[in-house]
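S.K.: sequence first, predicted coordinates after that:
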Amino acid sequence: MDKRRKHIAVLVSGGGTNLQAIIDAVECGKINGDIKLVVSNRKAAYGLERAKNHNIKSLYIRGDGEYSKSYDKKLEEALDKEEIDLIVLAGYLKMISDSLIKKYENRIINIHPSLIPSFCGEGFYGIRVHEKVIEYGVKVSGATTHFVNEVPDGGPIIAQKTVIVDDSDTKEDLQKKVLEVEHKILVESVRDFCDDKLEVVGRKVIKR
Ligand code: GRF
């Protein structure tokens with residue numbers, strides 16, 4: 001029996017350019033999977049608009065204050081309903097519950113805008129990452145995709161791609177350069193997952 005195409009959920013909190021890269025890759029046949037759901041913890045996230053523009057089910061789940069208790073359950077129910085195989089965190093700024101990480105072991109992919117294990121973990125997100133990279137004076141930065149485990153930005157690395165940090169770069173210049181390689185490696189990582197090409201051996205992700 002043919003294996004069905006993978007069902008993908010993308011979680012966003014912001015503009016959603018990484019989501020858009022995945023949408024475009026699915027639509028042009030580069031990814032053998034279907035985005036069944038886009039979820040955001042922020043009502044104003046433009047990523048939700050992008051989903052609507054492409055007739056993809058989108059869901060805002062309120063998670064602040066008193067709503068935080070019910071957030072994880074609502075998220076898990078929405079994922080179950082769509083029989084999700086792969087969760088992609090594309091600029092998603094909320095912690096994933098331990099139970100969800102366990103349930104989706106090596107089936108949650110995150111994109112981070114630096115070369116992990118540098119400039120990652122607690123407090124390293126968005127433009128702050130590039131600010132610290134410029135401040136430190138490194139000559140090379142880039143992006144990383146990895147499977148999500150219980151350590152923030154600490155799961156097995158799937159792909160990385162570098163960019164040169166020019167002396168004249170501002171944090172905005174660097175963010176733009178890194179965002180381009182983020183789109184590339186995220187699409188490749190999702191494509192390879194949907195083609196069952198990724199095998200996790202200890203801390204390593206081997207591409208078959
Ligand atoms: C990206 O830089 C991503 O690496 C980081 O947040 C940003 C989100 O960008 N986690 P977008 O919402 O996909 O445009």
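M.R.: Everything's here; your move.

S.K.: quick check: mean pLDDT of stretch 105-125?
M.R.: Mean per-residue pLDDT for stretch 105-125: 97.

S.K.: ok and the residue in the chain nearest the ligand?
M.R.: As assessed by C-beta to the nearest ligand atom, the ligand sits closest to residue 91 within the chain, at 2.4 Å. Just so you know, the C-beta spots here come from the backbone N, C-alpha and C atoms, and that holds for glycine as well.

S.K.: low-scoring stretches of this structure, by residue?
M.R.: 1-2 (pLDDT under 70).

S.K.: if you set the cut-off to 90 instead, what comes out?
M.R.: For the chain, applying pLDDT under 90 flags the ranges 1-3, 69.

S.K.: report the buried residues of the helix ranked longest in the chain.
M.R.: In the chain, taking DSSP state H as the definition, the longest helix is helix 171-194. Buried residues in helix 171-194, counted by 16 or more other C-beta atoms under 10 Å: 171, 174-175, 177-179, 181-183, 185-194.

S.K.: which non-adjacent residue is nearest the residue of the chain closest to the ligand?
M.R.: Spatial nearest neighbour of residue 91, excluding adjacent residues (C-beta to C-beta, 6 or more residues apart in numbering): residue 14 at 4.6 Å.

S.K.: related to what we said a few turns ago, near the ligand, which of the buried residues of helix 171-194 show up?
M.R.: Counting by C-beta under 6 Å from any ligand atom, 179, 182 from those sit close to the ligand.

S.K.: correct me, but residue 82 touches residue 7?
M.R.: Yes. Counting by C-beta atoms under 8 Å, residue 82 does reach residue 7; the two are 5.7 Å apart.

S.K.: where do the contact lists of those two overlap?
M.R.: Shared contacts of residue 82 and residue 7 (C-beta atoms under 8 Å, 6 or more residues apart in numbering): residue 36.

S.K.: what's the burial count for the residue nearest to residue 91?
M.R.: By other C-beta atoms under 10 Å, 18 other residues sit near residue 14.

S.K.: also residue 24?
M.R.: Residues contacting residue 24 under the criterion other C-beta under 10 Å number 14.

S.K.: could you check the angle helix 171-194 makes with the host helix or strand of it?
M.R.: Element membership for residue 24 (DSSP states H and E) is helix 17-27. Between helix 17-27 and helix 171-194, the angle comes out at 40 degrees (axes from the mean of the first three to the mean of the last three C-alpha atoms, to 10 degrees).
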